[in-house]
Every structure is written in C-alpha cells, then in structure tokens.
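# Below are the sequence and a predicted model for it; my questions follow.
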Amino acid sequence: MLKLVVLISGGGSNLHALLRAAEGADYPARVVAIGSDRDADGLAYAEQFDIPSFTVPFTSYPDRESWAEELLDQVRVWKPDLVLLSGFMRLLPPAFVDALSPNLVNTHPAYLPEFPGAHAVRDAIAAGADRSGASIIVVDNGVDSGPILAQERVAVLPGDTEATLHERIKVVERALLVNTVRRIAEGDLTLSPTPPTPERLRS
C-alpha cells in the first residue's frame with residue numbers, strides 16, 4: 001500500500017478525489033497525512049476522513065528555507081512513499097525538493113511544456129489557444145520543468161473564461177491524478193529523475 005502525504009494551500013479538490021478513491025478496497029494507496037502552509041479550506045477533509053493534518057504557516061518563519069525545513073520535518077514524520085503537491089502555492093527551495101524528489105509529484109493545469117507557471121489557465125486564454133490540458137509531473141528545481149508522468153488534453157471552447165476552462169481542467173486533473181497514483185502504486189509507472197518513455201504519457 002502506497003503511503004501518501006498531500007500538501008495543499010486551498011480547497012483541496014484533487015485531495016478530495018484521492019480520498020474518495022482510497023475508500024475503495026482495491027485502491028492501492030492511502031493518504032496518511034494532509035499538510036498545508038496556511039489555514040486552508042481543504043483541511044476540512046482531514047476531519048471528514050479522519051486523517052491527521054499539520055500546518056506550517058509560511059508567515060511564522062523568517063525565511064523560505066527555515067519554513068521549508070520545518071515543513072520537511074513534518075512530512076518525514078509520516079514516512080510517506082510519495083508526497084503530492086495539490087494546489088500547493090508556495091515555491092519550495094532546492095533543499096526540500098532534493099530531499100524528496102523523485103517521490104515528489106505535482107499537478108499542473110496545462111499540457112506541459114505549454115504554459116508553465118502560476119497562471120497557466122489565464123495564459124492559455126490570453127494566447128488564444130484552442131486547447132490546453134492537465135499534467136502530472138515529478139517536481140524538480142525548475143518551473144514546472146520536471147519529468148512528465150501523465151497528461152491529457154482539454155479543449156478550449158469558444159467563449160471560455162479563465163474560470164470555465166479551469167473548472168473543466170480540474171475534472172480531468174482529478175481523474176488523471178487518481179489514475180497516476182494507482183499506476184505508481186502498482187508499479188506500472190516508475191518515478192525517476194529521467195523523463196518516462198512516450199508510451200507512458202496519455203495524450
């Protein structure tokens with residue numbers, strides 16, 4: 001059974017999808033703890049699903065490095081096999097990434113390498129793109145530049161706004177994450193610092 005720690009900053013919709021999937025007896029992964037950098041709404045799922053949680057407020061530390069050191073200590077308490085960034089909005093310093101990678105995975109609301117960065121959906125709309133997507137990647141020290149584990153296209157429809165496109169991407173992103181975690185747990189997808197072969201990508 002793959003043990004997961006999930007880090008969130010917001011509502012935790014991807015987290016919720018994982019928790020629902022993990023209720024199934026045949027799902028080969030379990031969330032053992034939920035962490036956040038703030039009093040995030042998604043922490044309510046910890047109580048709902050009776051899962052331990054922890055908060056390491058960014059504003060309580062003098063710098064990013066000391067904050068990340070404490071965050072890493074809190075994560076390590078749970079001895080996870082995999083750490084998932086699920087809408088986690090803080091930039092993690094290299095010491096944190098290097099300590100966990102390649103067992104550190106992030107979701108991104110675009111078909112990477114298209115539209116990296118914090119405003120991927122907005123950028124797709126601004127560029128007049130006719131399609132975007134969702135990606136699951138191994139976190140490295142670049143900006144959404146790590147090896148791609150899985151991805152799927154999402155069409156940009158006429159009249160789409162950032163909000164409407166993002167909602168459709170989230171639906172795809174949730175399913176993609178649940179399936180990717182399953183594949184990792186079952187050994188069908190191997191985490192490594194080198195990019196996976198093309199047949200491992202969903203397009």
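Structure's in. What do you need? Numbers count the residues shown, from 1 in each chain.

# What helices and strands are in contact with the helix or strand containing Ile136?
Assessed by DSSP states H and E, Ile136 sits inside strand 131-138. Other helices and strands packing on strand 131-138, by 3 or more CB pairs under 8 Å, 6 or more residues apart in numbering; DSSP states H and E, are strand 104-108, helix 120-126, strand 148-155, helix 162-185. Yep, even glycine has a C-beta here, placed from its N, CA and C like the rest.

# For Arg30, give its distance to Ala46.
Going from Arg30 to Ala46 by CB to CB, to the nearest Å gives 13 Å.

# Same drill for these two, tell me which one is more crowded.
Ala46 (22 against 16; other CB atoms under 10 Å).

# Would you mind confirming that the more buried one makes contact with Ala40?
No - with contact defined as CB atoms under 8 Å, Ala46 does not count as touching Ala40 (10.0 Å).

# show me where pLDDT drops low in this protein?
Applying pLDDT under 70 to the chain flags the ranges 193-203.

# hang on, the earlier thing: how about TSV for the helices and strands packed on strand 131-138, with distance to Ala25 added?
Converted to TSV, the helices and strands packed on strand 131-138 look like this (distance: least, CB to CB, whole Å):
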stretch	distance to Ala25
strand 104-108	24
helix 120-126	35
strand 148-155	24
helix 162-185	13
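
# what lines up beside the helix or strand where Arg30 lies in the sheet?
Taking DSSP H and E as the definition, one finds Arg30 inside strand 29-36. Its sheet considered, strand 29-36 pairs with strand 2-8 (parallel), strand 53-55 (parallel) by DSSP bridges.

# And the next helix or strand past it?
Downstream of strand 29-36, the first helix or strand assigned by DSSP H and E is helix 44-48.

# what does that next one contact?
Residues outside helix 44-48 that contact it (CB atoms under 8 Å, 6 or more residues apart in numbering): Gly12, Leu15, His16, Leu19, Ile34, Ile51, Pro52, Ser53.

# picking up where we left off before, of the strands paired with strand 29-36, which stretch is the most buried?
Highest mean neighbour count among these (mean count of other CB atoms under 10 Å): strand 2-8, with a mean of 24.

# Return the set of buried residues in the strand holding Ile136.
Ser132, Gly133, Ala134, Ser135, Ile136, Ile137, Val138 (16 or more other CB atoms under 10 Å).

# Adding distance to Met89, write those out as JSON lines.
Output for the buried residues of strand 131-138, formatted as JSON lines (distance: CB to CB, whole Å):
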{"residue": "Ser132", "distance to Met89": "19"}
{"residue": "Gly133", "distance to Met89": "20"}
{"residue": "Ala134", "distance to Met89": "17"}
{"residue": "Ser135", "distance to Met89": "17"}
{"residue": "Ile136", "distance to Met89": "17"}
{"residue": "Ile137", "distance to Met89": "16"}
{"residue": "Val138", "distance to Met89": "19"}
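
# Would you check that Asp81 makes contact with Lys3?
Yes - the pair Asp81 / Lys3 is scored as a contact, 4.8 Å apart, by CB under 8 Å.

# What's the end-to-end length of stretch 36-55?
This stretch, stretch 36-55, spans 5 Å end to end (CA to CA, to the nearest Å).
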